[in-house]
Structures are given as C-alpha cells and as structure tokens.
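Colleague: sequence first, predicted coordinates after that:
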Amino acid sequence: MSSAPTPTDPTPATDDEATAFADLGLRPELLGALSALGYEEPTPIQREAIPPLLAGRDLLGQAATGTGKTAAFALPLLQRMPDDRSAGDPASLVLVPTRELAVQVSEAFHRYGKDLGARVLPIYGGQPIGRQLRALDMGVDVVVATPGRALDHIARGTLRLGSLATVVLDEADEMLDMGFAEDIEAILEHAPEQRQTVLFSATMPSRIDGLARQHLTDPVRIQIGREQPVAGEQPRVRQSAYIVARGHKPAALGRVLDVESPTAAIVFCRSREEVDRLTETMNGRGYRAEALHGGMSQEQRDRVMGRLRGGTADLLVATDVAARGLDVEQLTHVVNYDVPSAPESYVHRIGRVGRAGREGVAITLAEPREHRMLKTIERVTGQRIAIDKIPTVADLRTRRLELTQAALRESLLEDDLEPFRAIVESLSDEFDMMEVALAGVKLAHEATLPGTTDEEAEIPQVAVRPAREGRPGYEGRGERRGGRPRAAGTTQVFIGLGRRAGVRPQDLVGAITGETGVSGRDIGSIEIADRFSLVEIPNAVADEVIAGLRGSTIKGRKATVRRDRDGDGDGGGDRRERRDRW
C-alpha cells in the first residue's frame, strides 16, 4: 500500500470526530471546491472513511445509496494523486456496475478536483471507443469504468495498471449480481499487489465478504446505514404497500400516483414487455411517462434521462438493470410494480429516493401471494412496510380538490392577478361574487385533472390472510425449488451446460434475471446434470428467456439453449441423470 502525502495546513479537530471538511486534513483546492458546491460538513460515511483512506488503509464499507459514499472515496483519491503525473497512466481505478453510474461518479470527480487539474475518464460500453483510446493515450489520473469495458482496454494494452495506487469497487453487490465476478477477478490480477483496495456495498452478503477476504489487506470495516430520524420525526423514506389483484394493478398504480402526486417517480417492472405496456397505459392516463430498459440504445436512454431531469417527463417506467446507478435529484417516489425477488433489490430500489436529506416515498404493489415476501424484506431490512388500503374514488376526488386548493392558494400568494380584475368586476355586476369564484375554481379544477374520468370504478380491496407455517410456496423451497410438481403453463428450457462447466443454480437464475428482467420468483425447478441443465419457466416468457440466454454467456461460456424436447416425458432415460436440484 502506498502512503498518503502530508496534508496541507490541516485544521486540527476540536471534537472526538471531525465536524467539518477542514478537520479531515483535505488540501485547500478540495476544500474550496466543496465550499463552492455548498457542502458544509461531512456525512457519517465521509467522516469514517476519509481518514483511513488518506492514511493508505484498505477499507470495506457498507453504505446505503445516498449516504455520500462517492465523496468518501473520491476526495482521498484526489488528495493522494501524485505530484509527478507525467507518465499518464492512471493512479486510481474505480469500477462501477453501470454506464450511468460511471458518468455520475466521473462528474463528481471533476467537480471536486477541478482546481487540481484532475484528469478523469469514464469508460463504458455504448460510447465510441476511439474517444476513450485518445484520452487514455493523452494520459489520465482517474479511470471510472464498468468491468467489461475496463477488461477490454486491458486486453488491448490501452489501459495500463502498472502505476495504479488505488482500486475502488463501488456498488460491489450489484456488480456481482450482474455477473461481473470473473471480470473483477481478472482486473485485480492485472493490478499491482502493493495497492490500496476499497470496497463499498449497500448490502454485505457472504460473497462480498469472501471477495474482501481475498483482495483486501487488514481492511478498516465501516457500516453506515441511512441517518436515523430524530425522535418524533417521520423517516426520510416512507415505505408502504398495497395488496392488489394482478388484473387491477394498472388502475391501482394510477390511483396511487394520482393521490401521491409525485414530482418525479420511477416504476420498476420485471420485463421489457411490461415496461412498454405500462408506459403506454400511464401515458393514456395523462402522465408524461417514459420507458427505460435494456432493449434501448444508449442514445435513446440518454434522451429519456434528459427529459426526466429537464422536467418534460415525470414518470420513468424501468427494469432493474436499466435503472441501476441512476441518480435523479428531483425524484420523490419509487414504485415496485411487483415485489422484488430479493431484499437486496428492494434496498437498491428505495435507495433512489430520500437522498441528501430529501424526503422520499417507496410504494410496493403486491399480489396476495407476494405478501409473505414483504415480511421477509421487513425482517432483512429491519424496517416496517405499512400495508395501506387502495385509495377509493372518494379519496381520489378529495385529493384532487386539495391539489386545486393548493394551486389557487399559490396563485393568490405569488401571481400577478391584476390583469384579470376587469373580468371579475364585469361578472360581479351580473352574478353574485361567490358564484363567480365558484365558477373560477371549477374551471381551475377541471384543468388540472389527469386524463381520467370521475366515473372510475372502485378497485376491489384484497384481504390479507396470514400464511400457514410450513406451507409450501412463497418462502418454502422443496426438492423441486418450491416443493411442488411441475406447474401448468410452464416450459422447461434446455441449457447445454451442467456440472462439468461448474454451473450452479444461482448462475442460471442470475443469467435469466440479468438478461430478461424475469424475476427469480417466476423461475420454477432447476435440474443440473453433468452436461446440461433444465430450468422451468412460465410459457409467457419462454421465448424471451431463450433469446436472452442465447445472446449471453454462463460461467464465461456460450451454451445451446432451446425448449426441452423431452419436456413432457415420463422422467425416464437421460432424466435419471438430472439429480442436482435447487
């Protein structure tokens, strides 16, 4: 590990812990940039992480999205940049899971290090590689990259890691979820042994701990959650759920959004098809909705995000993979159109709101069979998810009147109403002043309504029944990954890789959910033989899963993928070999 340079004119701390950035011993150029950005004091993760990182220690940090961890590692990396940078090879490498996050982290480095002349380069797919090659040839100080593109440049010899002093793995759990484990291992093999390694993750599953044990040396361990509210205050992210039958979900979503009136919201869906379908539905309801999923080009994605950030769209309907790494300042609501298949996914989704001290709302639409998964998420996160009743038509009408009243109040306080005085005075000669006011309120109210009618039908309320202990299904997983016979309406997909290729059930689930947006909850039995595997999936998504797997790799290898020709057999023949089940 390299040692940190001596801080320039540090201001000694007067308390047991630093209460201002100057107390951390940061150089004047960084303090000036932070002051210009309006940062007054470090967040808990910054207070805990910056001193050991400045001292050159390895660090393992568990920090939720929105706690300020980007500055926690960016400031020390900028502080520790060598004075002699003539060689041009990067001193720091930051690995992130998505293109969007690469851009955001790179922009943060630029903002903090502008007075230091820091040369920062984001490297990700979907960007012309020629531009990246030219920048690398001219010399950079910090590279922020997705693992796949970083490995590509390393193989080309255009990204040289010989001068690397620090490697940061940001959102490490998401990178592993997206199948980047082998790429990360390969990149770290090319990095110098004597380096500083920093790992940040929102969750800390065992595989993250294993990665840390293998690649970090005597790391400082930090665990920072979201700041807890002061006694008597509401939490920054209000979490609630509505139990609703699947057929009523589009109407329930519209009803909830009408009542909540978000400034901007993200609605998470499981598949691309569902994203496109729901986007069309919500636009029909009068929302300015935009779709975001893996089937779109980078240019299309950039246009969508530009419209959301510019205020010309207020609703983003997205898959998990497409929305990873997004940071939209005006975002107020996150909606899970389905219950996430894992508590970690739920944590990442709701981390999009309630950031930097702002309040946010996380809403989940759960089908009756998904109620038990909500309880699992509560146990894992230690946070309560309130079960609310779907707003009635009367609730909606009341809320719309409240919004009209608020709009009128704002106009009375802030707008110049003098040009309309002559109209009111003219009408008052013919009508009672109260009637004139009522007509004006009626017109204002009708003008603010979304594209729905007041003749909406009530959405049936679903009673939640407590699950019986030991009942198979939601959480209990038996021999056939659910303890049930093969379900009607399902297809078995043949995948030409098995035990000999090192394939495990989690590899197959990760490949399917990563490439298609199909939830792990929708995947049925998994059987692994020596040379092949069989996965049971719903008929409706079979073609999507087959196409997605054909275009991807499993354990780094291409595989034959097709519908199982013996899918309706009696279990004889080669099926005796299919013993390894989830």
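Modeller: Yep, that arrived. Residues are numbered from 1 along each chain as shown.
Colleague: over to Gly125. Which of the three states is it?
Modeller: coil (DSSP: H, G, I helix; E, B strand; the rest coil).
Colleague: what do you get for Gly210?
Modeller: Using three-state DSSP as the criterion, the local structure at Gly210 reads helix.
Colleague: and it, what does it touch?
Modeller: Applying CB atoms under 8 Å, 6 or more residues apart in numbering to Gly210 gives no contacts. The way it works is simple: take the backbone N, C-alpha and C, and place the C-beta from them, glycine included.
Colleague: where does it land on pLDDT?
Modeller: We have a pLDDT of 89 for Gly210.
Colleague: from Ile184, how far out is it?
Modeller: Gly210 sits 12 Å away from Ile184, going by CB to CB, to the nearest Å.
Colleague: right, and the helix or strand after the longest helix along the chain?
Modeller: Of all the segments of type helix in the chain, defined by DSSP state H, the longest one is helix 393-414. Once helix 393-414 ends, the next helix or strand along the chain (criterion: DSSP states H and E) is helix 421-428.
Colleague: now do that next one, average pLDDT.
Modeller: Averaging pLDDT along helix 421-428 yields 83.
Colleague: got the buried residues for the next helix or strand after it?
Modeller: Using DSSP H and E, the helix or strand that follows helix 421-428 in sequence is helix 433-448. By neighbour count, with 16 or more other CB atoms under 10 Å as the criterion, the buried positions of helix 433-448 are 436, 445.
Colleague: can you check stretch 496-505 too?
Modeller: 497-499, 501, 503, 505.
Colleague: so Ser163 touches Asp89, yeah?
Modeller: Yes: judged on CB atoms under 8 Å, Ser163 makes contact with Asp89 at a distance of 4.1 Å.
Colleague: how far away is Arg369 from Gln461?
Modeller: Using CB to CB, which is the criterion applied here, Arg369 is 16 Å from Gln461.
Colleague: excluding sequence neighbours, find me the nearest residue to Val503.
Modeller: The spatial neighbour of Val503 that comes closest, neighbours along the chain excluded (CB to CB, 6 or more residues apart in numbering), is Leu497 at 5.0 Å.
Colleague: Glu171 contacts Thr203, correct?
Modeller: No: the pair Glu171 and Thr203 does not pass the contact test of CB under 8 Å, sitting 10.1 Å apart.
Colleague: for the stretch 451-582 of the chain, what spans make up the helices?
Modeller: 505-516, 542-550 (DSSP state H, counting those that start in this stretch).
Colleague: as a markdown table, those helices with mean pLDDT and distance to Asp522 would be great.
Modeller: Shown next, in a markdown table, are the helices of the stretch 451-582 of the chain (pLDDT from 0 to 100; distance: least, CB to CB, whole Å):
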| stretch | mean pLDDT | distance to Asp522 |
| --- | --- | --- |
| helix 505-516 | 79 | 9 |
| helix 542-550 | 87 | 10 |
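Colleague: which of those is buried the deepest?
Modeller: Among these, the stretch with the highest mean neighbour count (mean count of other CB atoms under 10 Å) is helix 505-516, at a mean of 21.
Colleague: give me the angle between it and helix 542-550.
Modeller: 110 degrees (axes from the mean of the first three to the mean of the last three CA atoms, to 10 degrees).
Colleague: which secondary structure elements does helix 505-516 sit against?
Modeller: Secondary-structure packing of helix 505-516 (3 or more CB pairs under 8 Å, 6 or more residues apart in numbering; DSSP states H and E): strand 526-528, strand 533-538, helix 542-550.
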